[in-house]
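Undergrad: Structure of the sequence below:
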Amino acid sequence: MRDLREYARQTNIRLIIGVISITLVLGTGLILLIYGPGAASLGFLCLLGAGIPIGLIILLMLFLDFIIKKRQNL
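TA: Now for the predicted structure:
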């Protein structure tokens, strides 16, 4: 029997990783083609800098989800 929730979770994770990688590669590549390597490196750093708060929020949500699931099992 298949676990459809696990399948949906894996699919969501793969989609998120795909969007992030396409944004980094395509965005930085377009900046490189249009403005040059200096601007591309700065654009890459800006994209990574924008990802830090997003990553922290995701980690906080996962931590809260873990706490809630742990309390429900008690």
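
Undergrad: shaky segments in the chain?
TA: 1 (pLDDT under 70).

Undergrad: quick one, helices of it?
TA: Counting by DSSP state H, the chain has helices at residues 4-35, 37-72.

Undergrad: Can you add mean neighbour count and give these back as TSV?
TA: C-betas here are computed from N, CA, C, even on glycine. As requested, these are exported to TSV (neighbours: other C-beta atoms under 10 Å):
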stretch	mean neighbour count
helix 4-35	11
helix 37-72	11
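
Undergrad: Quick one: distance of stretch 2-12 to the chain centre.
TA: Distance, stretch centre to chain centre, for stretch 2-12: 18 Å (C-alpha atoms, centre = their mean, to the nearest Å).

Undergrad: Restrict it to CA atoms and write it as CSV.
TA: What follows is stretch 2-12, C-alpha atoms only, in CSV (Å, rounded to 0.1, in the frame of the first residue of the first chain):
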residue,chain,number,x,y,z
ARG,A,2,1.3,3.5,-0.8
ASP,A,3,1.6,6.4,1.6
LEU,A,4,0.1,9.3,-0.4
ARG,A,5,1.1,11.8,2.2
GLU,A,6,4.7,10.8,2.0
TYR,A,7,4.5,11.0,-1.8
ALA,A,8,3.0,14.5,-1.7
ARG,A,9,5.7,15.6,0.8
GLN,A,10,8.5,14.3,-1.4
THR,A,11,6.9,16.0,-4.5
ASN,A,12,6.6,19.3,-2.7
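
Undergrad: contact partners of it?
TA: With contact meaning C-beta atoms under 8 Å, 6 or more residues apart in numbering, stretch 2-12 is reached by no other residue.

Undergrad: isn't G27 right next to C46, touching?
TA: No. Counting by C-beta atoms under 8 Å, G27 sits too far from C46 to count as a contact (9.6 Å).

Undergrad: From G43, how far out is P37?
TA: Separation of P37 from G43 (C-beta to C-beta, to the nearest Å): 10 Å.
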